[in-house]
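*Asks:* Let me see the structure of the following:
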Amino acid sequence: MRAVLFQMLALAAAFSPAFARNTLSQNTQPMSRPEIHFTVSMPKPYTHLLEVEVRLQDPKGLSPQTSLSMPVWTPGSYLIREFERNVQDFSANNSTGSPLAWSKTDKNTWRVETAGQKELVAKYRVYCNEFSVRTNEVNDHHAFWNNAALLMFPEGQLRSPSTLTVEPFGDWKIATGLPPVTDKTNTFRAENFDILYDSPFEVSDFTVLSFEVKGIPHRIVIDGEGNYDPERVRSSVKKIVETQAAMMGEIPYHDYTFFLHLRTNGGGGLEHLNSTALIFRRFGFATEPGFRDFLSLVSHEFFHLWNVKRIRPDALGPFDYSKENYTKLLWVAEGITEYYSGLHVRRAGLMSEQEYLTEISNGIGSVQKTPGRLEMSAEEASFDAWVKFYRPDDNAANSQVSYYDKGALLGMLLDLEIRKRSGGAKSLDDVMRYLYTEFYKKERNYAPADFQHAAELMAGSSLDDFFNRYVHGREELDYNAALNAAGLRFAPAAKDGPSAREKAFLGLEAAPDGDRLMVRTVYQGTPAYDQGLNTGDQIVALDGIRVNRDSLNERLGERKPGDIATFTIFRFDELRTFKIKLGGKIDQNYRIVRVDNPTDAQRQVHNNWLSAPYDQAPKG
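*Replies:* So this is what the prediction gives:
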């Protein structure tokens with residue numbers, strides 16, 4: 001075995017007392033705290049099994065019964081994921097190895113009859129073959145896990161410290177955000193279970209890129225091969241860290257780890273207190289748009305170290321790991337973080353103003369084509385994340401809106417509204433700094449009213465109308481009213497020029513499934529929706545001639561609004577025919593351009609917002 005590559009500093013230095021106190025569980029303070037130690041081993045990683053031993057010791061004797069529970073979700077991913085389903089081979093013994101009686105009391109709790117024993121040694125195995133940033137994967141290549149999906153907690157002990165020893169396979173290295181126990185090999189310490197569960201592990205023959213910002217060590221732990229340029233990745237990530245630290249005014253940790261997993265497909269990220277787990281396309285670095293996608297992912301997850309991990313919405317810490325933790329503030333926690341992801345890439349000089357404004361335009365276009373934007377408010381989308389966002393159905397586009405997407409646009413609108421009302425003196429940056437100082441540093445979580453109050457302090461006036469219409473309510477977002485503050489406007493640009501003709505419009509999205517063309521989405525209020533086509537239909541022919549996705553689009557492009565199109569479909573294996581009267585629509589791109597005759601105030605807001613001279617903004 002090889003020693004841990006990256007030595008962490010003591011936990012008391014790495015995490016502020018404010019966080020440690022605020023992440024304590026709501027469980028009742030126990031009468032005594034047993035010593036808790038975990039051992040995680042992987043003797044046969046190709047079986048996808050991690051072996052876990054949890055050892056509880058109390059010289060005064062354990063309680064008559066000791067319950068061990070597996071979390072059912074992990075913070076940052078708002079869905080009950082039932083991690084206990086992967087547990088097998090549970091056993092319990094005393095210090096001499098004699099078995100102790102145990103039983104399951106609910107889906108995720110094992111109760112052991114400890115009867116005053118001074119030591120409990122429980123063992124179990126966890127099947128780890130689900131690769132994502134929020135789950136576990138173990139194979140002959142690597143081991144990556146989230147402790148919330150692996151380690152049980154003793155009932156009533158979520159605020160207790162624990163240690164964890166990793167026994168790696170072969171000569172694999174170990175990376176984690178937890179600090180090591182200096183006198184023990186491959187052993188790490190957490191001050192409580194909220195910190196333990198917030199610290200993933202990568203165990204493999206990974207690559208490391210290191211850099212420092214303000215003397216603080218950062219590393220990028222890379223699992224997998226790809227077409228990245230190491231120096232470009234290192235320097236670009238460093239610029240993002242520097243840019244965000246400059247905005248917030250300080251760095252609230254003593255080390256930081258980016259876990260970067262490179263795979264052929266997939267993507268995503270999950271934030272942690274002094275680390276983040278990222279998945280990115282292994283061959284996605286070569287093009288400029290691909291590299292910007294990577295930087296935006298890094299920027300989003302890194303900004304979470306302030307927004308969510310320290311500036312915490314009402315219900316997000318201390319955590320209840322046995323059930324949902326509801327909040328109406330995910331549009332702030334995730335949406336405003338998404339707003340800042342691109343903005344910080346721009347401020348770091350890693351994206352041009354034109355590229356950034358194009359990203360905003362694309363984001364607006366994505367939300368605007370979603371009928372659900374008028375059916376669900378930002379707060380409703382946040383609160384219902386547990387039952388809707390991670391479980392979209394075929395009607396999701398018509399009934400829901402993403403708190404990421406709408407929240408990001410609300411962040412932009414609110415930022416520009418504050419800049420306009422304050423005469424350019426304040427911005428959303430000041431809101432985030434205020435929340436950091438007044439809530440995180442004062443050991444408090446913030447509620448929806450607190451966020452609005454902070455925004456109003458910076459704007460210098462009431463924002464009731466803004467919040468009632470766009471946050472609590474479901475009104476259409478007024479992009480131009482906001483962009484005007486920066487001397488910009490959201491302008492439709494017809495694909496075929498100013499004289500673009502109205503084209504035939506059906507109102508559905510279809511995708512190939514093998515040799516079948518399947519309807520995936522039917523948008524509310526369109527000819528397809530109103531005249532009877534459904535998701536799940538297999539489109540066989542248009543006007544009696546077989547079509548695939550390309551030929552369907554080509555032939556619809558030949559039609560005129562008002563034409564009757566005859567669709568032959570299979571629905572539940574029955575051949576059916578629908579005559580659809582096509583609607584009309586002008587295909588348009590949208591772009592953000594300068595207004596005519598901007599004022600000095602508009603120029604100033606623009607320059608401060610985008611860190612670019614107004615004259616470089618795109619012309620209309």
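
*Asks:* end-to-end on stretch 523-531?
*Replies:* Here the two ends of stretch 523-531 are set 12 Å apart, with distance taken as CA to CA, to the nearest Å.

*Asks:* ditto for stretch 139-150
*Replies:* Length of stretch 139-150, first residue to last, CA to CA: 16 Å.

*Asks:* pLDDT averaged over it, what's the number?
*Replies:* In this model, stretch 139-150 has a mean pLDDT of 98.

*Asks:* Got the domain ranges for the chain?
*Replies:* For the chain, the domain assignment from automatic domain parsing gives the residue ranges 11-207, 210-486, 503-585.

*Asks:* Need the distance between the two termini of the last one.
*Replies:* Read it as domain 503-585. Domain 503-585 has an end-to-end distance of 5 Å (CA to CA).

*Asks:* Also the longest one?
*Replies:* By CA to CA, the extent of domain 210-486 from end to end equals 38 Å.

*Asks:* What of stretch 463-474?
*Replies:* 16 Å.

*Asks:* Now that stretch: buried residues?
*Replies:* If you call a residue buried by 16 or more other CB atoms under 10 Å, then stretch 463-474 has these buried ones: 463, 466-467, 470-472, 474. All C-beta atoms are positioned from the backbone trio N, CA, C, and that covers glycine.

*Asks:* what do you get for stretch 181-194?
*Replies:* Across stretch 181-194, burial judged by 16+ other CB under 10 Å covers 186-194.

*Asks:* try stretch 197-209
*Replies:* The neighbour-count check on stretch 197-209 (16+ other CB under 10 Å) flags 197-204, 206, 209 as buried.

*Asks:* Quick one: the strands in the stretch 451-600 of the chain, in order.
*Replies:* According to DSSP state E, counting those that start in this stretch, the stretch 451-600 of the chain carries its strands in the segments 488-494, 503-505, 508-513, 516-522, 538-542, 545-546, 564-571, 574-581, 583-585, 588-594.

*Asks:* need the ones you listed in JSON lines with distance to Ala143, can you?
*Replies:* Formatted as JSON lines, the strands of the stretch 451-600 of the chain follow (distance: least, CB to CB, whole Å):
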{"stretch": "strand 488-494", "distance to Ala143": "47"}
{"stretch": "strand 503-505", "distance to Ala143": "51"}
{"stretch": "strand 508-513", "distance to Ala143": "35"}
{"stretch": "strand 516-522", "distance to Ala143": "36"}
{"stretch": "strand 538-542", "distance to Ala143": "42"}
{"stretch": "strand 545-546", "distance to Ala143": "49"}
{"stretch": "strand 564-571", "distance to Ala143": "45"}
{"stretch": "strand 574-581", "distance to Ala143": "49"}
{"stretch": "strand 583-585", "distance to Ala143": "51"}
{"stretch": "strand 588-594", "distance to Ala143": "45"}
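
*Asks:* Confidence-wise, which of those is weakest overall?
*Replies:* Lowest mean pLDDT within the strands of the stretch 451-600 of the chain: strand 488-494, at a mean of 80.

*Asks:* now what about that one, what contacts it?
*Replies:* The contact list for strand 488-494 (CB atoms under 8 Å, 6 or more residues apart in numbering) reads 357, 361, 364, 479-480, 483, 500, 586-595, 606, 617, 620.

*Asks:* Relative to it, what are the paired strands and their orientations?
*Replies:* Here strand 488-494 has these sheet partners by DSSP bridges: strand 588-594 (antiparallel).

*Asks:* What would the strand it pairs with look like as CSV? C-alpha coordinates only.
*Replies:* Below are the C-alpha coordinates for strand 588-594, written out as CSV (Å, rounded to 0.1, in the frame of the first residue of the first chain):
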residue,chain,number,x,y,z
GLN,A,588,-36.3,32.4,-34.6
ASN,A,589,-33.0,32.6,-32.9
TYR,A,590,-32.6,35.1,-30.1
ARG,A,591,-29.6,37.2,-29.3
ILE,A,592,-28.7,40.0,-26.8
VAL,A,593,-27.6,43.2,-28.5
ARG,A,594,-26.9,46.8,-27.6
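
*Asks:* angle of the helix or strand following it against strand 588-594?
*Replies:* On the C-terminal side of strand 588-594, the closest following helix or strand by DSSP states H and E is helix 600-610. In terms of direction (axes from the mean of the first three to the mean of the last three CA atoms, to 10 degrees), helix 600-610 departs from strand 588-594 by 110 degrees.

*Asks:* before we move on, what SS does the closest residue in space to Lys184 that isn't next to it in sequence have?
*Replies:* In space, and not counting its chain neighbours, Lys184 is closest to Thr165: 7.0 Å by CB to CB, 6 or more residues apart in numbering. Under DSSP: H, G, I helix; E, B strand; the rest coil, Thr165 falls in the strand class.

*Asks:* beta partners for Thr165?
*Replies:* Beta-bridge pairing for Thr165 (DSSP bridges): Thr39, Thr187.

*Asks:* show me the contacts for it.
*Replies:* For Thr165, the contacting residues are 37-40, 184-188, by CB under 8 Å, 6+ apart.

*Asks:* got it, and Asp537?
*Replies:* 518-519, 569-571.

*Asks:* so what pLDDT did it get?
*Replies:* Per-residue pLDDT puts Asp537 at 97.

*Asks:* Against Phe193, how distant is it?
*Replies:* Using CB to CB, to the nearest Å, we find Asp537 at a distance of 49 Å from Phe193.

*Asks:* Then Ala612?
*Replies:* Distance check for Ala612 against Phe193: by CB to CB, it reads 46 Å.

*Asks:* low-confidence ranges in the protein?
*Replies:* Scanning the chain for pLDDT under 70 picks out 1-32, 493-500.

*Asks:* and with 80 instead?
*Replies:* Along the chain, segments meeting pLDDT under 80 span 1-32, 492-501, 587-589, 620.

*Asks:* tell me which residues of stretch 433-453 are tucked away?
*Replies:* Buried residues in stretch 433-453, defined by neighbour count with 16+ other CB under 10 Å: 433-436, 438-440, 445-448, 450-452.
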